[in-house]
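Undergrad: kindly return the folded structure for what I paste below:
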Amino acid sequence: MSTELPEWVPADIDLQRPNAARVYDYLLGGACNFEVDRRFAHKLLETAPESEAILRHNRAFLGRAVRFCVEQGVRQFLDLGSGIPTVGNVHEIAQRGAPGCRVVYVDNEPIAVAHSELMLEHDENTGVVLADLLDVDTVLGSEPVRQLIDFSRPVAVILAAVLHFVPDEAGPHAAVARYVEAMAPGSFLVLSHGADTGQERYRTVRRMYDQSSTPAAVRTREQIEAFLTGTELVEPGLVWTTHWRPELAIRPAPEPEVIYAGVGRKPGVR
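TA: A predicted model of the protein is given here:
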């Protein structure tokens, strides 16, 4: 089967189980996914038909948050768990608002990293790191981060729809706290995270992800807000993705909403 794959796809990629990044890519209309991911996506939509809209609203939140950070003067972005490049990437949005913005993408999914490297090979203001976001020393010490991100100046650290794939026992709160510690005053932490709504069909969805290479770990609102410790939430606080500074053209929200979103600013003098 590997002979049918594009040359940039790592030869040892696991195609026996679906992967959340590739499923997300498929539901957003991307092409960096495989049959196992597409089958999973269709089962997901059978269980929770609103899933595609929920993911698109999350992507739209990311775009609004990046534009907000650019408006606040941020010119460098660290996108942790960035996933597979699709339309509306962080560097496209940021550089449209302020040419020269620097962006580093970090992911532990080989397909995401390989395609990012292919897409960004001629953009000197972007970099890609193959690493687990929990390995903070590796991320911060990587060559792309050292070359492109100056932590003595404001930076936007992005964790969009990724932490709900990190179990508590892996220490995600401690890892995020280290990124916040490294950020200069005036920096921003951009976060979106799936919530435990108690809906039976989302329990089914979670069990589905438990059989994938990226099991889900949804949390309560309070547990999600704890990731923003060390920052001050900007208005409107931690809310559903569609409620975070919505634009006039935004489509009606799906019901129920399941992803919280928020942006926190690290206090202090720049």
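Undergrad: report the central residue of this structure.
TA: By Cα atoms, centre = their mean, the chain has its centre lying nearest to Ala160, at 2.9 Å.
Undergrad: that residue: what's it in contact with?
TA: Asn58, Phe61, Leu62, Asp79, Gly81, Val190, Leu191, Ser192 (Cβ atoms under 8 Å, 6 or more residues apart in numbering). Heads up, the C-betas are built off the backbone N, CA and C, glycines and all.
Undergrad: just the ones of these in strands?
TA: Per DSSP state E, strands hold the following members of the contacts of Ala160: Asp79, Val190, Leu191, Ser192.
Undergrad: quick check: beta-bridge partners of the last one?
TA: In this case it means Ser192. According to DSSP bridges, the residues that bridge with Ser192 are Ala160, Ala261.
Undergrad: adjust the sequence numbering to begin at 29 for everything that follows.
TA: Taking 29 as the first residue, the last one we looked at is Ser220.
Undergrad: can you list the buried residues in stretch 91-110?
TA: By 16 or more other Cβ atoms under 10 Å, the buried positions in stretch 91-110 come out as 91-98, 102-110.
Undergrad: same deal with stretch 114-121?
TA: For stretch 114-121, a neighbour-count test (16+ other Cβ under 10 Å) marks Thr114, Asn117, Val118, His119, Glu120, Ile121 as buried.
Undergrad: show the backbone phi and psi for the third one.
TA: Pointing back at Val118 there. Val118 adopts backbone torsions of phi -60, psi -40, taken as degrees, to the nearest 10.
Undergrad: next one: the residue nearest to the centre of the chain from Tyr133, what distance?
TA: Distance, Ala188 to Tyr133, by Cβ to Cβ, to the nearest Å: 11 Å.
Undergrad: now tabulate the buried residues of stretch 114-121 in JSON lines and tack on pLDDT.
TA: Listed next are the buried residues of stretch 114-121 as JSON lines, based on pLDDT from 0 to 100:
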{"residue": "Thr114", "pLDDT": "71"}
{"residue": "Asn117", "pLDDT": "89"}
{"residue": "Val118", "pLDDT": "94"}
{"residue": "His119", "pLDDT": "93"}
{"residue": "Glu120", "pLDDT": "92"}
{"residue": "Ile121", "pLDDT": "95"}
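Undergrad: among those residues, which are in helices?
TA: When DSSP state H defines the helices, the subset of the buried residues of stretch 114-121 inside them is Val118, His119, Glu120, Ile121.
Undergrad: ok, which stretches of the stretch 79-228 of the chain are helices?
TA: Listed in chain order, the helices of the stretch 79-228 of the chain (DSSP state H, counting those that start in this stretch) span 79-99, 118-125, 138-148, 164-169, 171-176, 200-210, 228-238.
Undergrad: Gly290: which of those is closest?
TA: Set against Gly290 and scored by Cβ to Cβ, the helices of the stretch 79-228 of the chain come closest in helix 79-99, at 9.0 Å.
Undergrad: which of the ones in strands among the contacts of Ala188 tops the neighbour count?
TA: Asp107 (29 neighbours; other Cβ atoms under 10 Å).
Undergrad: what's across from it in the sheet?
TA: Residues in beta-bridge contact with Asp107 (DSSP bridges): Tyr133, Ile186.
Undergrad: that one reaches Ala140, doesn't it?
TA: No - using Cβ atoms under 8 Å, Asp107 is not in contact with Ala140; the gap is 10.8 Å.
Undergrad: anything in contact with each of these two?
TA: Common contacts of Asp107 and Ala140 (Cβ under 8 Å, 6+ apart): Tyr133.
Undergrad: one step back: quick check: neighbours shared by Ala188 and Tyr133?
TA: Counting by Cβ under 8 Å, 6+ apart, the common neighbours of Ala188 and Tyr133 are Asp107.
Undergrad: list the contacts for His221?
TA: Contact analysis of His221 by Cβ under 8 Å, 6+ apart lists Leu187, Ala189, Leu191, His192, Val246, Arg247, Ile252, Phe255, Ile287, Tyr288, Ala289.
Undergrad: fine by me, we can end here.
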